[in-house]
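*Asks:* Quick one: sequence and predicted model below, then my questions.
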Amino acid sequence: MATYVGKSIKRKESFDSIQGKNTYIGDVEVPGMLHAAIHRSPHAHARVTRVDLSEALAQPGVVAAMSGQDVRRLSRPLAPFPFTRTKPYTSDYPRVRFADHYGLAVDRVRHVGEAVAVVVSEDRYAAADAAEAVRVEYEPLPPVVDVEAALERGTVRLYEEWPDNIQYEFRFSEGPVEELLEEAPVVIRERIVQHRYTGTPMEPRGVIASVDQRDNLLTLWSSTQVPHALPNLVLETLGRADLKIRVISPTMGGGFGIKWAFYPEEVLMPLLSLQLNRPVGWRESRSEHMVASHHSRAQVDHVEAGFDRAGRITALKTHVIVDLGAAYPSGGTSLAFVTANFIPGPYRVDNYATTSFGVVTNKTAAGPHRANGKAESNFIMERVMDRAALELGLGKDEIRRRNLIQPHEFPYTCVTGSTYDSGDYPACLRKALAEADYAGLLADRDRCRLEGRYRGVGLAFLLEPLSSLRPNAYNAGYETVTVRVDPVGKAWVFSGDVNMSMSHMTTLSQVVADELGVRFEDVQVFEGDSALVSASSGSYASRFSTVTISAAIKASRAVRTKILAIAAHSLRTHPEALECTGGMILGRDKPGVALTVKEVANIAYYSINQLPGNMDPGLHDTHYFINPNTSFEPDAKGRTSNFSTFPYAVNLAYVEVDVATGDTQILKYLTVDDSGNLLNPMIVDTQITGAISHGIGGAFLEELVYDEQGQLLSGTFADYLIPSMAEMPDLEIHHMVTPMPFTPGGFKGVGEIGAIGPPVVLASAIEDALAPLGVKIMSLPLKPENIWRAIHEKRGTGDKR
Amino acid sequence: MQRITLHTTINGKEFSFEVEPRLLLVDLIRDKAGLKGTHVGCDTGNCGACTVVMNGVTVKSCQVLAPRAGGADIRTVEGLARDGTLHPIQEAFWECDGLECGFCTPGMLMTTAAFLEENPHPSDQEIRRAYSGNLCRCTGYLNIIKAVKRAAETTG
Amino acid sequence: MIPPPFEYRAPESLPETLALLREHGDEARLMAGGQSLLPMLKLRLVRPAVIVDIGRLQELDGIREEANTVRLGALVTERTLERKLEQRLPLLSEAAASIGDIHIRNLGTLGGTLCQADPSGDLAPAALALEATLTAQSTDGSRAIAAHEFFSGPFDTCLADDEMVTGVEVPAADPESVRGHGYIKLARRAGDYAVVGAAALVSLGPDGSCRDGRVALCAVGPTAFLCEAAGRSLQGTRLTDADLAEAADLAGNEADPVSDVHASAEYRRAMTPVVVNRALTRARERARASHAQRP
């Protein structure tokens, strides 16, 4: 019985946050801690010929400094993440190449901001001065900045041991794609350019390492989304099998995928701490963050889509070229995999061929960012659908309707092998059109057109694969939760997840309180510490509500079964005759409290002579919930199924474009989301709103701009523009609910899909607004200058009003 | 190295510090006064996570040198709740779900404290303009607008 | 990011300040509100040996409204300009309101932002259009500098190393005419530096024709500047749409922008007449509204 699940309960987490009482990584104080500062490369590509630490070491307060040579002597290359050097990653398909990067660059730098030397001081301010005093001699090399140029024959290679700059290659083909494209009466052929942007959580990263010699225990505090992967990665890199390691990820000031990586500082601080036998900490500044924490999204795509006369897709062919930056262990290769696999999206596509490259360039490494690879795949397909609609003379709604997968087809195995769990796509589209008064908007648009105003309606159908896994990788595809009722009758929940900003404490409390039958207030949740549970894949891909919540439900049910068994034994009745709610055990038929959970706990822990025969003392269970609806084993076509669930949404935007400046005003933004059952509707809507603001930033403002020399021009928050309140439009959020059929709670995950929509739907709306001018939008961002340029190319100088 | 002695009041409590003149006010508050609720999110005065109230007006404490705190009256997020009772602004942010990760929240709350004193009944548009110096990456802001309006109702 | 070390001086009086400037010359950097200086220090783009914090010079703070002129102390904050000059100098108020955000405006000062001489700064076009005069002082005495002579290049002014701006005088509007103003800024986000910024002032005579027009620009040249040709072209016209468009084109001809991460030179050049036209239109509508209310 749901007392808490499905209700908009205020967040437990907020209580500390509104009082400034959270302990973020920058607030962690370890007695005797030294402060590290990092000297970073000013060059995009250069040989490091000399690192002189003497001046830095002579600075007051400085206790140590290290160069890349020192780090190479003391450790191994950074262990690969998330893939390991095992099959299938060491095989030819899909091909992944690994690069040997150390905690500091050794003899070559491959992006601006790459760590070259580290200094350690008693004082944080003095450390910054000393890092500046490191003298490095570089021999500049030609930088590889443009991702397409990186593929050209004879171009400079970032890694000389590789034959080219391709780090990752994935090919897939199903059906006679070439023939069908040749036969198709309508073929859309486009080159699409998606720009580089990233998550920029408000809290930059930080790492602290401390070694307890008595226990040979290394404690690592890191603002990481993968506290359970780091012990392996760090120890492998340190080459120290003798150490134990505990990783603590304190309250996180936002992650958004950017903290899902193995970063050099996570081995540098342990290395320094081991050398100095003192705790050593490093706090990333925002300027460092912009060059040292991973980027995302950049890719160039070639797409060909054949349609029959009725507007149905007959064949699809894509070539995806992802700009990975330097090959650090940041998980960037997954961008190429996800994009290529899910371009067909919510549509029935039976014939599909793709080649996907992850290509290294002299830029900061790419990695996941909220809606990793999916923001990109949706953009490609939805641009194609809009162009096809125009070509075929169909409405944007109509062409989608004719291609959507139908409700009776679920579970639907898509052409690349994943199984879409559930949904009713046409109903979602219908609901969006009705809620937005689509016909009314089109009529208003047409009226405005007559007045010379450029308004347009954008429509996008978004599909998001969630809760992903990879075999033999650090995201192996399950989650671990321990639920314990303690001797005083309170529930304790230990999860392997990380509380980034997604209200895990609240939602886990809701679920566990309902499942155990205790009060919400009596549930205590712990996360973000590798000592809590044995293994976890961490926080990413909106997997929490699919696997973590499911593990919590299963563990809670096991504990409740035991509670009721003990109570039944004590009351000389059957467990089925009892129920548990609010911490009280009641007879189903008889009114009145029979026992409390606290009394049962007392039996379970102390009066163990009263336990049913053969029952162990204690009330606890640990559940490993394996990603449902997935398969590691390739099927007959060589396909694996790497995602558990597929929430979807229809976004609709109505905009007006100022054709003199290229500026877009959002008049209406509406979303209809189907994320399965809603754990906490208030939290769901905040997640959707926040994700949409990321998308709006990506659509209009946020851009990691590199010049031809590989210098990052948007390296501070003065130049990398994230939306403020003034740029955020009002939203209309609607829901559809198709429960996830393969999990006990029916939840799907909701943290990312909002971030997919804005670039897609706003491109659609702007193109519609500018349809009288024949403007086509095939690249991002949609910043005023780019839109103005597109208009300008079509109609000359424009008016000056 | 030059050291400056300064006396300052933070949340009604008097402090004396001896500091390097280049010390940033935010580090004075965090490291010297030990009040970690004020956060640092950028280097350039763009994010507002470090917003505090100094002499009655909001400032970004990472854009102020510590010596400027000499003789000043500073209020931080830790000074909002009194005797264990949350300030109505804090209640409003909690009630309206005006936060997620909480990193920008202290700055948002202090901005609200000063803003509502100046404009007790703001419109949406006035709120949007007034908060352009406080970035939030989680909420998408709409709940913050609601929270500010709720706080205006309860404090006004 | 952490500022480099420096010596810190916080003089209590103007003479003490001027003596420090004389003593340290170009080794010293004045700090008023510090809202431009602090980011530059933290990014270590500047490394002054001495920072002279003039925050205590109360004699430089304050607004004196006289019949023919408004005298503004160098330390008047942007927030004060925004809030206290809405009636008397609404163009300056409007330009001040578009700077950064509230927190920055609470500390940022009139003198500080003008001396920063950022080519994209918002107050300079307003000061130029209003024909403001800056007062500069050194131990040698004081001199008046017209706003249009003050800026000498990006982040550079005609001040000597030992000189500082102590105040700004703005002449009052001609009582015989009604004035309308407009500051329009094209920027990436609310409060960002201008991609193009245009300040416009138009005065209408009793017959409703334009007595005087002024257009000043920022972000489209090495300094903010007054577009004299544009202003002149408006004189005596009825400020029709065509008149404004002509003035906007004239102003556009003077734009000589550079590219940066926020906008290309080409875009800035193209946007200049658009922004000027909008600023002039706003100024005209306001002037006409006031004119209509005149007895």
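*Replies:* Thanks, I have it.
*Asks:* residue contacts, the residue of chain B found nearest chain A?
*Replies:* Using CB to the nearest CB, the single residue of chain B nearest to chain A is B:Gly37, 1.9 Å away. The C-beta positions use only the backbone N, C-alpha and C, and glycine is treated the same way. By CB atoms under 8 Å, 6 or more residues apart in numbering or on different chains, the contact list for B:Gly37 reads A:Gln19, A:Gly20, A:Lys21, B:Thr76, B:Val77, B:Glu78, B:Pro106.
*Asks:* Mind checking which of the residues you listed land in helices?
*Replies:* Among these, the members found in helices (DSSP state H) are B:Pro106.
*Asks:* if we can go back for a sec, mind checking the SS state of the residue of chain B closest to chain A?
*Replies:* Three-state assignment for B:Gly37 (DSSP: H, G, I helix; E, B strand; the rest coil): coil.
*Asks:* In contact with the nearest residue to it once chain neighbours are set aside, which residues?
*Replies:* What sits nearest to B:Gly37 in space, not counting adjacent residues and going by CB to CB, 6 or more residues apart in numbering or on different chains, is A:Gly20, at 1.9 Å. Residues counted as contacts of A:Gly20 (CB under 8 Å, 6+ apart) are B:Leu35, B:Lys36, B:Gly37, B:Thr38, B:Thr76, B:Val77, B:Glu78, B:Thr105, B:Pro106.
*Asks:* let's see 6 Å
*Replies:* Contacts of A:Gly20 were listed using CB atoms under 6 Å, 6 or more residues apart in numbering or on different chains, and they are B:Gly37, B:Val77, B:Glu78, B:Pro106.
*Asks:* Now do the third one against A:Met202, distance only.
*Replies:* Shown here: B:Glu78 relative to A:Met202, a distance of 19 Å by CB to CB, to the nearest Å.
*Asks:* of the two, who's got more company?
*Replies:* A:Met202 (28 against 20; other CB atoms under 10 Å in any protein chain shown).
*Asks:* wait, doesn't that one sit right on A:Phe256?
*Replies:* No. Using CB atoms under 6 Å, A:Met202 is not in contact with A:Phe256; the gap is 10.1 Å.
*Asks:* and the contacts of A:Gly20, which two are the farthest apart?
*Replies:* Greatest spatial distance in the contacts of A:Gly20: B:Glu78 and B:Pro106, 8.5 Å, computed using CB to CB.
*Asks:* which outside residues touch stretch A:71-89?
*Replies:* Contacts of stretch A:71-89 (CB under 6 Å, 6+ apart): A:96, A:98, A:100-104, A:106, A:233, A:236-239, A:262, A:271, A:329, A:331, A:472-475.
*Asks:* Select only the buried ones of those in ChimeraX?
*Replies:* Buried residues among these (16 or more other CB atoms under 10 Å in any protein chain shown), as a ChimeraX selection:
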select /A:96,98,101,102,103,104,106,233,236,237,238,262,271,329,331,473,474,475
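*Asks:* Which of the contacts of stretch A:71-89 fall in helices?
*Replies:* Short answer: those in helices (DSSP H) are A:Leu233, A:Glu236, A:Thr237, A:Leu238, A:Leu271.
*Asks:* Closest one of the residues you listed to chain C?
*Replies:* Nearest to chain C among the ones in helices among the contacts of stretch A:71-89 is A:Leu271, at 23.6 Å by CB to the nearest CB.
*Asks:* Now name the helix or strand holding C:Asp8.
*Replies:* One thing to correct before we go on: residue C:8 is Tyr, not Asp. Following DSSP states H and E, one finds C:Tyr8 within strand C:7-9.
*Asks:* Tell me where the stretch 451-600 of chain A has helices.
*Replies:* A:504-516, A:549-571, A:597-605 (DSSP state H, counting those that start in this stretch).
*Asks:* Likewise for chain B?
*Replies:* B:25-27, B:88-95, B:105-118, B:124-130, B:142-155.
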